[in-house]
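Enquirer: Generate a structure from the sequence data that follows.
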Amino acid sequence: MCTGKVAKCIGLMLYPLGLTAILANLLLFLPSGVVLGKHEVTDFLWYLHGFIGAGLLMFFPSSVTLAAGEHGLCANRFGMFCSIIFSSVGILGAVYCVVISALALIGGPLCDTGDGTYSYPFRDDLLQDNYLFDSSLWDICKHPENVIIWNIVFFSILLCIGAVEAILCSIQVINGIIGFLCGTGTGTGTGMGN
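Expert: Predicted coordinates for the structure are as follows:
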């Protein structure tokens, strides 16, 4: 098994996932293309879980993992060790994104229910009576238009991206341990001296 190739593959997959997470987080600030004020944006967006957790934080393990997968000096045992550390940080960022996205989905969006004030009409609902399972409740939000579906789509995307990133980083932690202990197997001999 070539741990270097696995590391390179994982590193290449993390980049587009991180960029997509940043884009999804930014789009959540613009429901239906409308720019909202600070008091009109769902509070979970200010945690920047897609921008920081699944986005910027993912570029570190991606870069280190890519470097660990390359042929290089010391055959990357040190690179594999570093990839373990940075992938662990990546797991934390991805889990952070998953948790905040799940909480945002359960709690629902901030919206104007027709009286001119913004509130969270679904925050006190029980999970079995949640708006996610009953689309007839979606008419309660008058402004911004389509904010519920906008939030469901993009928080779901961020939740999925975070879950995939957590899995990939976990695989790289295991791969990094094997690569550190046994060598990267990059095709330069037996892999033990790599």
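Enquirer: where exactly do the helices run in this structure?
Expert: Along the chain, counting by DSSP state H, helices occupy 3-28, 57-69, 77-107, 147-182.
Enquirer: buried sites along the longest one?
Expert: Translated: helix 147-182. By neighbour count on 16 or more other CB atoms under 10 Å, the buried set for helix 147-182 is 147-148, 150-152, 154-166, 168-169, 172-173, 175-176, 178-180, 182. For glycine as for every other residue, the C-beta is placed from the backbone atoms N, C-alpha and C.
Enquirer: between the lowest-mean-pLDDT helix or strand in the chain and helix 77-107, what angle do the directions make?
Expert: Lowest mean confidence among the helices and strands of the chain (mean pLDDT, DSSP states H and E): helix 57-69, at a mean of 90. Our comparison of helix 57-69 with helix 77-107, counting by axes from the mean of the first three to the mean of the last three CA atoms, to 10 degrees, yields an angle of 150 degrees.
Enquirer: Point out where this structure drops to low pLDDT.
Expert: The model of the chain has pLDDT under 70 over residues 1, 71-75, 125-128, 183-194.
Enquirer: rerun that using 50 as the cut-off
Expert: Within the chain, the stretches with pLDDT under 50 are 72-74, 186, 188-194.
Enquirer: which residues touch L137?
Expert: 122, 131 (CB atoms under 8 Å, 6 or more residues apart in numbering).
Enquirer: Please shift the residue numbers so they start at 546 in all later answers.
Expert: Yes, from this point I'll number from 546; that puts the last item at L682.
Enquirer: What's the local residue count around S680?
Expert: By other CB atoms under 10 Å, 11 other residues sit near S680.
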